[in-house]
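Trainee: sequence and predicted structure, then a few things I'm wondering about:
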Amino acid sequence: MPLDAICLGAVRDELFGQIQKMKIDKVQQPGRDMIILSLRGGGLASCRLLISAGSGEARIHLTEHMFENPAAPPMFCMLLRKHISGAKIIDIVQLPSERVLAIHLESSDAMGVKSKKCLVIELIGSQSNIILCDSESTIIDCLRRVGSGIDEKRAVLPGLIYRNPPHQTGKIDPQDVSETFMRDLLKKTSSESVEKWLLSTFAAFSPLICREIAWRAYGETDIRFNAIEDDGTALCREFFLLMEQAAAGMSEPWIISDKDGAPFDFSFTHIRQYEKAYLESREESFSLMLDGFFTQASKQKRIKQRSLDTLKRVSTARERTLRKLAAQRLELTETSKRDYLRQCGDIITANFHLLKKGAEYLIADDFFFKDAGGVEGDESVGSGKQRKIKLDPLKTPQQNAARYYKSYTKLKNAERLLAEQIQKGESELEYLESVVSQLERMEGEAEFGEIQSELLQTGYIKKQKELRGRGKKQAESSPLRFVSTTGIQILAGRNNLQNDNLTLKAASKSDVWLHTQKIHGAHVIISCAGGVGSAGGVGGAGGAGTFPDEQTLSEAASIAAYYSSARGSSKVPVDYTYVRNVKKPSGGRPGMVIYKEFKTITAKPDKDLVYRLLDKG
């Protein structure tokens, strides 16, 4: 999935028509390798340009995604703000057949004197970099400093003259190749595969494009030269058709997805080599293609990496709780024999006159015949109207009876204690599963910090060095805000603590509360003040306020279904009631509530609907 030089050229052409003459309004650095430039004026009213130099994620495109910024901006971000805030984009130039762009800027200093700057973006794998140069090509600073000791070919340090990355040794620019030259090259081939020959001979091609050219020419991606019969005629045809398409500005943004809809690859041309194994879809623009392919995936990857240790701790606690519950339930099953033990004690007591010390069994009339249960060593005799009871020959009859009564009392007490422990264990398990669900669904660093704080409060993780406050306190996240089609505000909690605050403190008693039925998920609130119409209220009148319309209720239910553990289902039951009917149980864990007088609606977790209603302001 590399952004090859030809695809980057198409991205450059698209961006040039969109952001030329726009001014840089803000500079942000949400991640170590990522810069966001907020632009205004020019062709678009405003937009945000994402530049990433991360290994495996190097790219440049407009983005609609929002990123959380660190509490304190990094030094490189501060330097960019000083030099290019307010600067106008004059030109965007690509180094021929290389994954390098130069954004030429014009800015003014504090005295109003105009000067030129250049932001060089090198998108070359692990060596990707963002470099700011002045009008004389002197490096002002860079995202990743490279000294001569690390890279003898080229140093990238403040104060040095910027030099282009070294060209790929021995590789040819495909845009400069003539048909005659191509024929000469083909005469030197041997039995190697067409794909590998294209990749090793030409610059600007990714392995995907090399395989695609081979497939278009011969219907196979791994065909070798000794298996073709046309001396490379079909190969030349497809090669030059692709080059003509790129040179004429006819590149198209295509995303390749697996059958579950997860993005798998992308390209500047329609990839047909996978036939029906994958799904291909043409996007509206290269920015939308790259934004959809990289941004959400990289954001989730970054958060998941940070949360891996926490998720492991919570999952371990959940498994431990499951094992403990299984053992307690098995032990509780054993307590069902307690009445039989009491009966044995009663039968022994009623037959003291028949017993002598040293007896190993008592066979006597069973006056509990209909209720007999049985324990190991005791059995019914004959028709079952007599019971054979095992005795301890070293004990007196009275002591044997007392032994059975003691065992009965022990099991009776154990049943009560086990029932309490199982109830607590089930509550703990439900809480831990809700935390696991939230860790898997979280979408921001602030959410992760709040979940960690919650786990610290509940004692599931200890305060470690990495959790202790360093520098400024990270801002807390707010509930997700949505606006229904009919203009009503809908709020959704991101985690257990936020769910509690939203439902029990922030929401009005006359607001409507929604939650997936017996499924872990977000608390969703429909703000009913100023609602429109009625869709049929839920129980408990008296100051209920205006009930939301059917459209808003349906959309809020979809939001609740989407932000739940049942996100992958097609139909999800969602309960709804007034907030005043929702209570916190005594000793309840964060996010745990009980509710009454509710109704249920079936909803579909609709991603497109959720993102359309999301208040991005």
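Mentor: Looks like it arrived, so ask away. Residues are numbered from 1 along each chain as shown.
Trainee: C-alpha from now on. contacts and neighbour counts both.
Mentor: Noted.
Trainee: pull the contacting residues for Arg329.
Mentor: Listed by CA atoms under 8 Å, 6 or more residues apart in numbering, the contact partners of Arg329 are 418, 422.
Trainee: just to be sure, it is in a helix?
Mentor: Yes: with DSSP: H, G, I helix; E, B strand; the rest coil as the criterion, Arg329 is assigned to a helix.
Trainee: distance of it from Lys424?
Mentor: 13 Å (CA to CA, to the nearest Å).
Trainee: mind checking how far Leu456 is from Val572?
Mentor: 32 Å.
Trainee: more neighbours: the two, which one.
Mentor: Remark: of Leu456 and Val572, Val572 carries more neighbours, 24 against 15, as counted by other CA atoms under 10 Å.
Trainee: which stretches in the stretch 301-450 of the chain count as strands?
Mentor: In the stretch 301-450 of the chain, the strands defined using DSSP state E, counting those that start in this stretch lie at 361-365, 379-381, 386-390.
Trainee: listing partners with orientation, what would you give for the last one?
Mentor: The pairing partners recorded for strand 386-390 under DSSP bridges are strand 361-365 (antiparallel), strand 379-381 (antiparallel).
Trainee: comparing these, which gets the lowest mean pLDDT score?
Mentor: Per-stretch mean pLDDT for the strands paired with strand 386-390 is lowest at strand 379-381 (a mean of 55).
Trainee: closest one to Gly568 among the strands of the stretch 301-450 of the chain?
Mentor: Closest approach to Gly568 among those (CA to CA): strand 379-381, 54.1 Å.
Trainee: where does the protein have its least confident helix or strand?
Mentor: Lowest mean confidence among the helices and strands of the chain (mean pLDDT, DSSP states H and E): strand 379-381, at a mean of 55.
Trainee: for the residue nearest to Glu555 when sequence neighbours are not counted, give its distance to Ala556.
Mentor: Nearest residue to Glu555, sequence neighbours excluded (CA to CA, 6 or more residues apart in numbering): Ser484, at 6.8 Å. Here Ser484 is placed at a distance of 8 Å from Ala556 (CA to CA).
Trainee: between the two, which is the more surrounded one?
Mentor: Neighbour tally, Ser484 and Ala556, criterion other CA under 10 Å: the higher count belongs to Ala556, 31 against 22.
Trainee: now the more buried one, what are its backbone angles?
Mentor: Phi and psi for Ala556, reported as degrees, to the nearest 10, are phi -70, psi -40.
Trainee: and what of Leu355?
Mentor: Phi and psi for Leu355, reported as degrees, to the nearest 10, are phi -100, psi 150.
Trainee: next up, the contacts around Gln498.
Mentor: Contacts of Gln498 by CA under 8 Å, 6+ apart are 479, 591.
Trainee: need the single longest helix in the chain, by residues.
Mentor: helix 397-441 (DSSP state H).
Trainee: how does the chain divide into domains?
Mentor: As given by automatic domain parsing, the domain ranges for the chain are 5-142, 335-417, 480-613.
Trainee: so what's the model's average confidence on stretch 485-500?
Mentor: 91.
Trainee: quick one: buried residues of that stretch?
Mentor: Neighbour counts over stretch 485-500 (16 or more other CA atoms under 10 Å) mark 488-500 as buried.
Trainee: sorry, back to before: tell me what angle the longest helix of the chain forms with strand 386-390.
Mentor: In terms of direction (axes from the mean of the first three to the mean of the last three CA atoms, to 10 degrees), helix 397-441 departs from strand 386-390 by 80 degrees.
Trainee: helices and strands around helix 397-441, which ones?
Mentor: In terms of contacts (3 or more CA pairs under 8 Å, 6 or more residues apart in numbering; DSSP states H and E), helix 397-441 is packed against helix 296-334, helix 338-350, helix 445-458.
Trainee: tilt between that helix and helix 338-350?
Mentor: 170 degrees.
Trainee: the nearest residue to Ser85 once chain neighbours are set aside: what's it in contact with?
Mentor: For Ser85, ignoring the flanking residues on the chain, the nearest one in space by CA to CA, 6+ apart is Ile24 at 5.5 Å. Neighbouring residues of Ile24 by CA under 8 Å, 6+ apart: 37-40, 84-89.
Trainee: swap in 7 Å and give it another go.
Mentor: 37-40, 84-88 (CA atoms under 7 Å, 6 or more residues apart in numbering).
Trainee: and for Lys26?
Mentor: Contacts of Lys26 were listed using CA under 7 Å, 6+ apart, and they are 37-38, 85.
Trainee: go with 6 Å
Mentor: By CA atoms under 6 Å, 6 or more residues apart in numbering, the residues touching Lys26 are 37-38.
Trainee: which strand or helix spans it?
Mentor: According to DSSP states H and E, Lys26 maps onto strand 23-31.
Trainee: same check, this time on Met182
Mentor: With DSSP H and E as the test, Met182 turns up in helix 179-187.
Trainee: name the helices or strands packed onto the helix or strand that comes right after that helix?
Mentor: Per DSSP H and E, the first helix or strand lying C-terminal to helix 179-187 is helix 194-201. Contact partners of helix 194-201 among helices and strands, from 3 or more CA pairs under 6 Å, 6 or more residues apart in numbering; DSSP states H and E: helix 207-218.
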